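Asker: Sequence isn't available, so here's the structure alone:
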């Protein structure tokens, strides 16, 4: 499985945008970029995923670089409830459905 | 999305004993998975629970230690056998929804917090 690299931790302020980076320089053409987050004392929660184009949903936006070697998860207006560990995961289309979790980015939101 | 219930939510067990964790889903799903999350760590996949056949284990995990059952499309169990303090972890069940393509998200339960004395 192709590997992802994320900063260990990030900090932001409430009501400000947050940009969470992920590097995946060995991504293959059929790898989808998935983002999950894990709130304290909960199981991981799906956030968003994409292949080539930028994606938006009610939780976040996903910006994918043109060469697909990096991506950025964007939280447009952070709340205290967004404090979590965010995982960037590559999942191959048509391959095994399992998720391979890295260490993720621990996001702290200051009031 | 699917609603996943895990039982028990937490337990404290004696070393040398075994515990069976249940995962119940409110709809039929194709794939069910079991993960382990050791204290302060990320999630590691233990195995894929296959309906009607033996589970597929990841490197480092064996059936004798983590036997898994999946009798139907909505239920699975994971047993942690002959427990030692090193097995103290959160065990999580996840599922992938039937018939929606390979790039569909997984849904997770809130896990079973297991402490071994």
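Answerer: Structure's in. What do you need? Because the structure is predicted, anything quoted here is derived from the model rather than measured.

Asker: where does chain B have low pLDDT?
Answerer: B:98-103 (pLDDT under 70).

Asker: Which single residue in it comes nearest to chain A?
Answerer: residue B:108 (3.2 Å; Cβ to the nearest Cβ). Any C-beta I mention is one placed from the backbone N, CA and C, and that applies to glycine too.

Asker: Locate the nearest residue in space to that residue that is not next to it in sequence within the secondary structure: which element?
Answerer: Spatially, and ignoring its direct neighbours in sequence, residue B:108 is nearest to residue A:43 (3.2 Å; Cβ to Cβ, 6 or more residues apart in numbering or on different chains). Assigned by DSSP states H and E, residue A:43 belongs to neither a helix nor a strand.

Asker: if I pick residue A:43, what's in contact with it?
Answerer: B:4, B:92, B:94, B:108, B:109, B:110, B:111 (Cβ atoms under 8 Å, 6 or more residues apart in numbering or on different chains).

Asker: Got the phi and psi for the last one?
Answerer: Phi and psi for residue B:111, reported as degrees, to the nearest 10, are phi 90, psi 160.

Asker: how many other residues sit next to it?
Answerer: By other Cβ atoms under 10 Å in any protein chain shown, the residues close to residue B:111 number 25.

Asker: quick one: it from residue A:70, how far?
Answerer: 31 Å (Cβ to Cβ, to the nearest Å).

Asker: what does residue B:49 give?
Answerer: Distance from residue B:49 to residue A:70, by Cβ to Cβ: 34 Å.

Asker: The two: which has the busier surroundings?
Answerer: residue B:49 (23 against 19).

Asker: which parts of chain A sit against chain B?
Answerer: Counting by Cβ under 8 Å from any Cβ of the partner chain, the residues of chain A close to chain B are A:32, A:34, A:36, A:41-46, A:49, A:51, A:87, A:91, A:93-104.

Asker: Among those, which ones are in strands?
Answerer: Judged by DSSP state E, strands contain the following of the residues of chain A next to chain B: A:32, A:34, A:36, A:45, A:46, A:49, A:87, A:91.

Asker: Might one say that residue A:83 is in contact with residue A:110?
Answerer: No: between residue A:83 and residue A:110 there is no contact under Cβ atoms under 8 Å: 9.4 Å.

Asker: Neighbour count: these two, which is higher?
Answerer: residue A:83 (18 against 11).

Asker: ok, and the closest non-adjacent residue to that one?
Answerer: residue A:109 (4.7 Å).

Asker: Spell out the secondary structure type for the one you found.
Answerer: Here residue A:109 is recorded as strand under DSSP: H, G, I helix; E, B strand; the rest coil.

Asker: since we're on it, how many residues are nearby?
Answerer: 20.

Asker: Show the pLDDT at the residue of chain A found nearest chain B.
Answerer: Nearest to chain B, among the residues of chain A, is residue A:43, at 3.2 Å (Cβ to the nearest Cβ). We have a pLDDT of 95 for residue A:43.

Asker: that older thread, would you list the buried entries among the residues of chain A next to chain B?
Answerer: A:32, A:34, A:36, A:43-46, A:49, A:87, A:91, A:97-102, A:104 (16 or more other Cβ atoms under 10 Å in any protein chain shown).
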